[in-house]
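> Just a sequence and a predicted model for now, questions to come.
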Amino acid sequence: MKHLGLIVELVRREFAGRYQGSLGGMLWALIHPLFLLSIYTLVFGVVLKTRWEGGGGTFGYALYLFAGLIIFNAFSECLLKAPAMIVGNQNFVKKVVFPLEVLPLVSAIVALLHATIGIAVWLVCCIVLFGVPKATMLLFPLVFLAMLPLLLGVGWIFSALGVMLRDTGQVVAIISHVLLFVTPIFYSVDNIPEPLQSALALNPLTYLVGWIRGMLLVGAVPGVLEVTIYMVLSLAFAYGALCFFRRLRPLFADLI
């Protein structure tokens, strides 16, 4: 890759910079998912007594819930950071030779690194509570690979819009909150009315959440045709977003 060295350095700086100077340091990368797992277990598993049809009681539902949150949090991280990505790096914009297109890629890689840490936390909790999980969990990188073009497309579109329209940050915050509830994280697709199932099928996160849960919890692997169609559509979306970004890029320097 042409800018591989630059991308690696930017990923290292962003990932390490997030925890630099804090007392917990890199431990926060583990504390954050553990905290979320504990809170959602308490609220939905203990207070609301929500259960997963696959069994396991409160802790089984906690793992079911957390598996979905791993996907959503990675997407939400890229979505929320995108509007300020170009505006917050004005020094890069002024450098004509700097490839601004790599910034959303850096953001996506960092988000997937955090998601990988989330998978590690999930695995440890599963082993402690229920024993060794299904061998299909080793296939989780395939879900991240399918997710990458989606994260890139979102990054390119909203980072460009963030320069053109400064209200973009407020809009994506609303979108993120809405997506949290229209993505089957707290519930199963099978438990909602049929018309709503068709609506959820339009949400690209629905498939990713279903795949990761199938791999981690029940030993299921998505069909080759299903994944292929998803990848083709996701890549087409990313390509269109990249073209949109490059079309607007000449305007960035004048608007920042």
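Ah, there it is. Numbers count the residues shown, from 1 in each chain.

> what packs against the lengthiest helix in the chain?
In the chain, assigned by DSSP state H, the helix with the most residues is helix 224-255. Packed against helix 224-255 by the contact rule (3 or more CB pairs under 8 Å, 6 or more residues apart in numbering; DSSP states H and E) you find helix 140-164, helix 204-213. Placement of C-beta: from N, CA and C, glycine included.

> gap between the helix or strand hosting Gln90 and the chain center?
Per DSSP states H and E, Gln90 falls inside helix 90-93. Here helix 90-93 is found 26 Å from its chain centre; the criterion is CA atoms, centre = their mean, to the nearest Å.

> So for the following helix or strand past it, mean pLDDT?
Helices and strands here follow DSSP H and E; after helix 90-93, the next one along the chain is helix 102-130. Averaging pLDDT along helix 102-130 gives 92.

> Give the buried residues for helix 102-130.
102-119, 121-123, 125-126 (16 or more other CB atoms under 10 Å).

> tell me what that helix is packed against?
Helix 102-130 packs on helix 4-17, helix 28-40, helix 57-81, helix 140-164, going by 3+ CB pairs under 8 Å, 6+ apart.

> what angle sits between the shortest one and helix 57-81?
For helix 28-40 against helix 57-81, the angle by axes from the mean of the first three to the mean of the last three CA atoms, to 10 degrees is 130 degrees.

> pull the CA atoms of helix 28-40 into PDB?
Extracted in PDB, the C-alpha atoms of helix 28-40 (Å, rounded to 0.1, in the frame of the first residue of the first chain):
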ATOM      1  CA  TRP A  28      -8.800   2.000  30.000                       C
ATOM      2  CA  ALA A  29      -9.000   0.000  26.800                       C
ATOM      3  CA  LEU A  30     -10.100  -2.900  29.000                       C
ATOM      4  CA  ILE A  31     -11.900  -1.000  31.700                       C
ATOM      5  CA  HIS A  32     -14.300   0.700  29.300                       C
ATOM      6  CA  PRO A  33     -15.800  -2.500  27.800                       C
ATOM      7  CA  LEU A  34     -15.900  -4.200  31.200                       C
ATOM      8  CA  PHE A  35     -17.800  -1.200  32.600                       C
ATOM      9  CA  LEU A  36     -20.300  -1.300  29.800                       C
ATOM     10  CA  LEU A  37     -20.700  -5.000  30.200                       C
ATOM     11  CA  SER A  38     -21.400  -4.600  33.900                       C
ATOM     12  CA  ILE A  39     -23.900  -1.700  33.500                       C
ATOM     13  CA  TYR A  40     -25.900  -3.400  30.800                       C
END
